[in-house]
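Visitor: one predicted model, sequence on top.
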Amino acid sequence: MAVILGIESSCDETSASICIDGEIFSNVIATQAIHAKYGGVVPELASRAHQQNIIPTVEEAIRIAKIHKNQIDAVAFTRGPGLLGALLVGTSFAKSFAMARNIPLIDVNHMQAHILAHFIEDPKPSFPFLCLTVSGGHTQIVLVKDYFEMEILGQTLDDAAGEAFDKTAKILNLPYPGGPLIDKHAQLGNPDAYKLPEPQIQGLDFSFSGLKTAILYMVQKEEKSDPYFLKNNMDDVCASVQSRIVSILLNKLKKAAKETGIKDIAIAGGVSANSGLRKELIAMGERYSWNVFIPKFEYCTDNAAMIAIAGYQKYLVQDFVGQDVGPLARMHM
């Protein structure tokens with residue numbers, strides 16, 4: 001029996017999870033509400049909150065899993081990418097725990113872990129498969145050949161999809177985090193109400209900065225003739241914005257599927273919780289006979305279950321790191 005403790009602290013959520021023989025027995029997430037009043041994550045405040053949350057979060061994960069800390073066989077932690085100060089808290093705790101217990105230490109790439117979240121529960125994709133990873137910091141189309149053999153086929157050249165949602169929310173005067181609020185309004189609006197441009201980027205890469213500018217200019221133009229434009233049309237604006245972001249993502253994914261001939265298609269990352277993206281991916285899957293894989297909501301945003309399951313796969317092949325390991329703000333797949 002292999003018992004893995006997973007630790008996640010890459011941004012503004014402290015999370016701990018217990019994985020036993022590839023099955024998740026607990027997944028505890030401590031969120032940080034303090035960032036809302038600043039309109040975004042403040043790295044120093046995130047680091048301090050991680051320091052406060054890390055021990056009680058781990059204790060709760062162990063309690064829910066109904067094990068004793070002495071039963072843990074290895075510690076897996078997010079090494080990167082992410083906020084360096086936030087990563088340092090999780091890395092330091094994992095190293096200390098592993099040293100105190102004299103057990104192996106496993107470093108995990110945060111973006112790989114998002115993809116490997118698909119192996120937490122059935123149904124699971126078959127190798128090779130394509131995964132669209134969409135979050136606040138990354139937007140990538142990844143060819144997944146094996147658990148830790150991945151190739152980025154396309155990625156954003158500027159803003160990530162999550163950034164496009166959050167920056168648009170600021171333009172629309174919606175509070176942080178704005179992505180879920182845009183999604184909520186979009187479900188009540190007309191996605192064809194306002195025509196927004198789709199960037200013509202070569203290959204499988206993305207761009208969202210031009211769309212953000214187009215939204216800003218559209219809102220400014222409409223408010224000149226109607227000061228209450230946003231108040232009266234918020235649902236339609238959000239629906240139009242969400243529809244365009246989703247079409248940008250899925251048109252590239254469709255192109256990647258056609259070029260590779262791969263039928264197993266997955267999404268991962270925080271933006272994969274978006275209702276419009278999930279709905280349209282399912283519809284596209286039916287249209288093109290894809291096998292579509294969408295993670296549960298709890299495994300979309302940052303969580304330690306995905307770190308624990310990635311750590312479990314590394315544990316099986318004895319892929320460990322030493323006590324000299326350090327966090328990486330940027331980390332390649």
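Guide: Yep, that arrived.
Visitor: and stretch 299-311, which residues are buried?
Guide: 299-311 (16 or more other CB atoms under 10 Å). To be clear about C-beta, it is placed using only N, CA and C from the backbone, and glycine gets the same treatment.
Visitor: quick check: bridge partners of Leu105?
Guide: Note on Leu105: beta-bridge partners by DSSP bridges are Val75, Val321.
Visitor: so what's it up against?
Guide: Neighbouring residues of Leu105 by CB atoms under 8 Å, 6 or more residues apart in numbering: Ala74, Val75, Phe77, Ala94, Lys95, Ala98, Phe320, Val321, Gly322, Gln323, Val325.
Visitor: how does it look with 7 Å?
Guide: Leu105 sits next to Val75, Ala94, Lys95, Ala98, Phe320, Val321, Val325 when contact means CB atoms under 7 Å, 6 or more residues apart in numbering.
Visitor: identify the residues contacting the spatially most central residue of the chain.
Guide: Among the residues of the chain, the one closest to the centroid is Gly269, at 2.4 Å (CA atoms, centre = their mean). Applying CB under 7 Å, 6+ apart, we find Gly269 in contact with His114, Thr133, Val134, Ser135, His138, Cys300.
Visitor: got CSV for these, with pLDDT and secondary structure too?
Guide: CSV is the format used below for the contacts of Gly269 (pLDDT from 0 to 100; DSSP: H, G, I helix; E, B strand; the rest coil):
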residue, pLDDT, secondary structure
His114, 97, helix
Thr133, 97, strand
Val134, 96, strand
Ser135, 90, coil
His138, 91, coil
Cys300, 95, coil
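Visitor: drop anything exposed from those residues.
Guide: Neighbour counting by 16+ other CB under 10 Å classes His114, Thr133, Val134, Ser135, His138, Cys300 among the contacts of Gly269 as buried.
Visitor: what pLDDT does the closest residue to the last one other than its chain neighbours get?
Guide: Right, Cys300. With CB to CB, 6 or more residues apart in numbering as the criterion, Cys300 has its nearest non-adjacent residue at 4.0 Å, and that residue is Ala273. If you check Ala273, the pLDDT there is 95.
Visitor: and for Gln187?
Guide: Listed pLDDT for Gln187 reads 97.
Visitor: near it, how many residues? Count them for me, please.
Guide: Using other CB atoms under 10 Å, Gln187 has 14 other residues around it.
Visitor: what about the strands in the stretch 101-250 of the chain?
Guide: Counting by DSSP state E, counting those that start in this stretch, the segments of the stretch 101-250 of the chain that form strands are 105-109, 129-134, 139-146, 149-155.
Visitor: so what pLDDT did the residue nearest to the centre of the chain get?
Guide: 95.
Visitor: against Ile55, how distant is it?
Guide: 28 Å (CB to CB, to the nearest Å).
Visitor: then His68?
Guide: Separation of His68 from Ile55 (CB to CB): 16 Å.
Visitor: tabulate the contacts of Gly269 (JSON lines), appending distance to Trp290.
Guide: What follows is the contacts of Gly269, written out as JSON lines (distance: CB to CB, whole Å):
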{"residue": "His114", "distance to Trp290": "19"}
{"residue": "Thr133", "distance to Trp290": "17"}
{"residue": "Val134", "distance to Trp290": "17"}
{"residue": "Ser135", "distance to Trp290": "22"}
{"residue": "His138", "distance to Trp290": "22"}
{"residue": "Cys300", "distance to Trp290": "19"}
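Visitor: average pLDDT for stretch 215-229?
Guide: Rounded mean pLDDT across stretch 215-229 is 96.
Visitor: number of nearby residues for the residue nearest to Cys300?
Guide: Neighbour count of Ala273, defined by other CB under 10 Å: 21.
Visitor: and the helices in this protein?
Guide: Ranges of helices in the chain, per DSSP state H, are 43-65, 84-101, 110-116, 161-171, 178-186, 209-225, 229-260, 275-288, 304-316.
Visitor: distance between the first one and the chain's centre?
Guide: I take that to be helix 43-65. 19 Å (CA atoms, centre = their mean, to the nearest Å).
Visitor: one step back: so can I have a markdown table of the strands of the stretch 101-250 of the chain showing distance to Glu23?
Guide: Shown next, in a markdown table, are those (distance: least, CB to CB, whole Å):
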| stretch | distance to Glu23 |
| --- | --- |
| strand 105-109 | 17 |
| strand 129-134 | 22 |
| strand 139-146 | 21 |
| strand 149-155 | 23 |
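Visitor: among these, which is the most enclosed?
Guide: strand 129-134 (a mean of 26; mean count of other CB atoms under 10 Å).
Visitor: the residue lying closest to His68 once chain neighbours are set aside: how many residues sit nearby?
Guide: Spatial nearest neighbour of His68, chain neighbours left out: Ile62 (7.5 Å); criterion: CB to CB, 6+ apart. Neighbours of Ile62 under the rule other CB under 10 Å: 21.
Visitor: Ile62 against Phe25, yeah?
Guide: No. Counting by CB atoms under 7 Å, Phe25 is not a contact partner of Ile62; they are 9.6 Å apart.
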